[in-house]
Structures are given as structure tokens and as C-alpha cells.
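# 3D model of this:
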Amino acid sequence: QVQLVESGGGLVQTGGSLRLSCVASRRTLNAMGWFRQAPGKEREFVAAIDWRGGILTDADSVKGRFTISRDNAKNTVYLQMNSLKPEDTAVYYCAARSSPVVVSTPELYDYWGQGTQVTVSS
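Residues are numbered from 1 along each chain as shown. Have a look, this model is predicted:
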């Protein structure tokens, strides 16, 4: 079992930045990812990273604005979000797999955090 705790969400104006953090309860070298879910919409893949830093992103929605990274020594994965837009408003979830392979399908992730709210005002 792995418990995940996200932090760093909040209210920010359009064009602003936030950095989300997700701390795992134990060391994991498996894939970890970020997803988001806006009201009335399905959960959407944002980005994922393997233990060596290999990255998979949803290029269409966050290209050039969001960056995922991880610090294996701290059991932590980050999501740096720049140039935020109102359409980025959502609950952001951290997730971890029981596999080292990065994927974008939420059903293939085994552990989930409670989520952190990001609200971007126009």
C-alpha cells in the first residue's frame, strides 16, 4: 500500500503559477502521475513520470506550461504549473502505479491521493 498526499493547490489569477507536491508514504520506483477533474467532466490525464525521469504528458492541454518532476530521495512528485488559464481549474490528483511503466489511463493506476483544488480566476 502507498498513501499519497497532495498539497500546493489554491486560488491564482490567470497567468499565475502554482507548484503541486505529492508525497508518498514509502519509497516507490514505479510510475507516478497527475490527473485532474473539473466539475461535470471526466478525470483527465495531465502527466506521468517514471523513476528515471522519463515523462509522458498530455501535450494538447498543458504543452509548454506544466512540468512534472520527482525527487526519489523525498518520495515526492511535483507538478509545476505556469501560465495558468481558467480552464485549468479542477481538482488535481496524484496517482501511483504498481508498475514502472508510465501510462495515461487512470484505470491503470493503483493508488490515489485525496486531491487538491486549483482555481484560476479570470
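# alpha carbons only for contacts and neighbour counts from here, please
Fine.
# nearest spatial neighbour of the most centrally placed residue in the chain, skipping sequence neighbours?
In the chain, the residue lying closest to the centroid (Cα atoms, centre = their mean) is residue 34, at 2.3 Å. Excluding its sequence neighbours, the residue lying closest to residue 34 (Cα to Cα, 6 or more residues apart in numbering) is residue 94, at 4.7 Å.
# what's the burial count for that neighbour?
Residue 94 is flanked by 30 other residues according to other Cα atoms under 10 Å.
# Run through who's touching stretch 37-47.
With contacts defined as Cα atoms under 8 Å, 6 or more residues apart in numbering, stretch 37-47 is touched by 33-36, 55-58, 61-62, 68, 89-92, 104-106.
# give the contact list for residue 20.
6, 7, 8, 9, 78, 79, 80, 81.
# List the residues that contact the second one.
Contacts of residue 7 were listed using Cα under 8 Å, 6+ apart, and they are 20, 21, 22, 116.
# mind checking pLDDT for it?
Reported pLDDT at residue 7 in the predicted model: 97.
# which residues does residue 49 form a beta bridge with?
Legend: beta-bridge partners of residue 49 under DSSP bridges are residue 32, residue 55.
# Residue 12 versus that one, what's the distance?
With distances taken as Cα to Cα, to the nearest Å, residue 49 is found 25 Å from residue 12.
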